[in-house]
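In: 3D model of this:
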Amino acid sequence: MNPLIYLAKQAVETFIGKGKIIPLPAHLPKEFLERRAGTFVTIEKNNDLRSCIGTYLPTKENIAQEIISNAIAAATEDYRFGPIQKEELPELSYTVYILNEPELVKDIKELDPKKIGIIIRTVPISSTTDVVFNGHFVPKSALLLPDLEGIDTVENQISIACQKGGIDPMREKTIIYKFTVEKYDE
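Out: Okay, the predicted model is just below:
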């Protein structure tokens, strides 16, 4: 099993089973202890989405801590699903995404829903639109990871992201950011 998948699985099982956060394992590749990045953890049960939570920019000291935090959040805080129960643990599978830093999309021709994820936001309260991660409050936003089942066109990807974020693209001005991921699954 991939060490990042094992890390997410151990974080969830230890937190759900014992109410404890696991310490950083020493066996992880050095890169995941030194590098910072946003991560997403997707949990499936019987090939159906059970939960998915993450961060598009790093909030922790390293990728390993980011994965532990997001795995626990996915298991306990995804508002679309109830918290994972102890009896579900043997039926779960995990996918971990490491996100590369988002970049402003200047033309939708840059997008490819199979390879590129998007963040769509309503225009920030500021005089410029070239900086989105600058601390300004953004009322609506949504993120879609790349290569999601059933999302085959850029138009479909943008439409679903808008729906997810409660954004009306006909009435609200938006900014789109793109990102790539490193995907690890079982």
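In: Now do the contacts for residue 168.
Out: The contact partners of residue 168, taken as CB atoms under 8 Å, 6 or more residues apart in numbering, are residue 162. Where C-beta positions appear, they are placed from N, C-alpha and C, glycine not excepted.
In: what's the distance between it and residue 91?
Out: Going from residue 168 to residue 91 by CB to CB, to the nearest Å gives 38 Å.
In: just the helices in the chain please.
Out: The residue ranges that make up the helices of the chain, judged by DSSP state H, are 3-18, 30-34, 63-77, 154-165.
In: need the ones you listed in TSV with mean neighbour count and distance to residue 87, can you?
Out: Rendered in TSV, the data for the helices of the chain read as follows (neighbours: other CB atoms under 10 Å; distance: least, CB to CB, whole Å):
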stretch	mean neighbour count	distance to residue 87
helix 3-18	19	10
helix 30-34	13	30
helix 63-77	23	13
helix 154-165	18	30
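In: And these, which one averages the lowest pLDDT?
Out: For those, the bottom mean pLDDT is recorded on helix 30-34, which sits at a mean of 91.
In: which outside residues touch that helix?
Out: For helix 30-34, the surrounding residues in contact (CB under 8 Å, 6+ apart) are 3-4, 24, 62-64, 67.
In: Now with 6 Å, please.
Out: Outside of helix 30-34, the residues that reach it under the criterion CB atoms under 6 Å, 6 or more residues apart in numbering are 62-64.
In: Cheers, nothing more for now.
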